[in-house]
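Participant: Based on what follows, work out the 3D shape:
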Amino acid sequence: KALVLLVIACPCALVISTPVTVVSGLSAAARRGILIKGGVYLEDARLLKAVALDKTGTITEGKPKLVAWKPWDGADEAMVKHAAASLAARSDHPVSKAIAIDLTDAAEVHDFKALPGRGVQGTIDGRRLLLSNHRAVHEAGICSAELEAELDRHAQQGRTLTLLSDDTRVLALFAVADTIKGSSKQAVADLLALGVTPVMLTGDNAATAKAIAALAGISDARSDLLPEAKLLIIQELQRQYGATGMTGDGINDAPALAQADIGFAMGAAGTDTAMEAADVVIMNDSLERVAETVRLSKRTHVILWQNITLALGIKSVFLVLAVFGTATMWMAVFADMGASLLVVGN
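Facilitator: The predicted model follows:
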């Protein structure tokens, strides 16, 4: 009887029930192109109540195209094209890449500097120039009513505006359009079905943000955001909803990805900084994988408790039989190794 009790009491099935479930979940995620950096993130994804989504490269394709540009305030067209192409070629932002591809007349840039959430600046032919968004120009105090009207006209069409300026005036404007991913609308619907609230975050203007959010089915869109503002909004969402995720692909998203309970980085188009800061990397850049991670987390949680219940339940039954002297050694072996195999199989 003592030997039977000893074999039944072996905790193999109980000990293996958690790691085998978590490893199976991580493997299932990897087969779907979702790389999760640890079991804790797989287990905690089911607790998410809100997910912040970056616009460019996450909700949209992240492959914008230059659809319109023109010199401003009497600036020389050749100089404008030359300067914009030179600055844009040094930046890895999708909008800059679109400008650099279409305006190929690039030259050497001195004192180049990236301005997070604003744009880039550098010295070309001895003249300091800035290729930036509307916010930077407005802060510099060189934005006129006429320019505001022109920017608003493009923004109403869902375009992203970039401006070339020097220290005293705006020299040109560039309108870039990005298309929404085919999977984004379904991905947002999947998140809502799981009880997760999607919130769009972007450094773009309000009109463009509103247009893209409407196409994706998102009711809460926050615009004109700097990296530190995205971080503060993640903290706000955590207070409002609880566990909050963040999905992004750029350097500007890194602080928010690090602050979120679970950060999702787009692996194909994402920057190294974003992937390093994130807890989950989506290799094919499909936004639907965020909801799939939540579903997989819920399923993993269910199977985990099934395994614990199996391990403890089988042993409890045979332990009672052993105490009353009706359990044989073969029953004890089944209670030990059989329970372990059942747990692994499940």
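
Participant: If you count neighbours, what's buried in stretch 231-240?
Facilitator: For stretch 231-240, the neighbour count (16 or more other Cβ atoms under 10 Å) marks 231, 233-234, 237-238 as buried. To be clear about C-beta, it is placed using only N, CA and C from the backbone, and glycine gets the same treatment.

Participant: CA atoms only for it, dumped as CSV, please.
Facilitator: Only the C-alpha atoms of stretch 231-240 are listed here, as CSV (Å, rounded to 0.1, in the frame of the first residue of the first chain):
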residue,chain,number,x,y,z
LEU,A,231,3.0,57.4,-23.7
LEU,A,232,0.6,59.5,-21.6
ILE,A,233,-2.4,58.2,-23.5
ILE,A,234,-1.4,54.6,-22.8
GLN,A,235,-1.2,55.5,-19.1
GLU,A,236,-4.6,57.1,-19.4
LEU,A,237,-6.1,54.0,-21.0
GLN,A,238,-4.6,51.8,-18.3
ARG,A,239,-6.4,53.9,-15.7
GLN,A,240,-9.6,53.9,-17.6
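
Participant: re the thing from before, got the buried residues of stretch 231-240 as CSV, with secondary structure and pLDDT columns?
Facilitator: Putting the buried residues of stretch 231-240 into CSV (DSSP: H, G, I helix; E, B strand; the rest coil; pLDDT from 0 to 100) gives the following:
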residue, secondary structure, pLDDT
231, helix, 92
233, helix, 95
234, helix, 95
237, helix, 95
238, helix, 95
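
Participant: Including distance to residue 291, could those residues go into CSV?
Facilitator: CSV is the format used below for the buried residues of stretch 231-240 (distance: Cβ to Cβ, whole Å):
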residue, distance to residue 291
231, 24
233, 21
234, 19
237, 17
238, 20
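
Participant: now, among those residues, which is nearest to residue 317?
Facilitator: Lowest distance from residue 317 to those (Cβ to Cβ) belongs to residue 238, with 44.2 Å.

Participant: isn't that closest one right next to residue 256, touching?
Facilitator: No - Residue 238 is beyond contact range of residue 256, at 11.1 Å (criterion: Cβ atoms under 8 Å).

Participant: Could you give the number of residues near residue 253?
Facilitator: Burial of residue 253, expressed as a neighbour count using other Cβ atoms under 10 Å, amounts to 33.

Participant: Please apply the same query to the one 10 residues further on.
Facilitator: Residue 263 has 26 neighbours, counted by other Cβ under 10 Å.

Participant: Going by secondary structure, residue 82 is in what exactly?
Facilitator: For residue 82, the host element (DSSP states H and E) is helix 77-88.

Participant: what distance separates the following helix or strand past that helix from the centre of its chain?
Facilitator: Past helix 77-88, heading to the C-terminal end, the next element that is a helix or strand (DSSP H and E) is helix 94-102. Once both centres are worked out by Cα atoms, centre = their mean, to the nearest Å, helix 94-102 turns out to sit 22 Å from its chain's centre.
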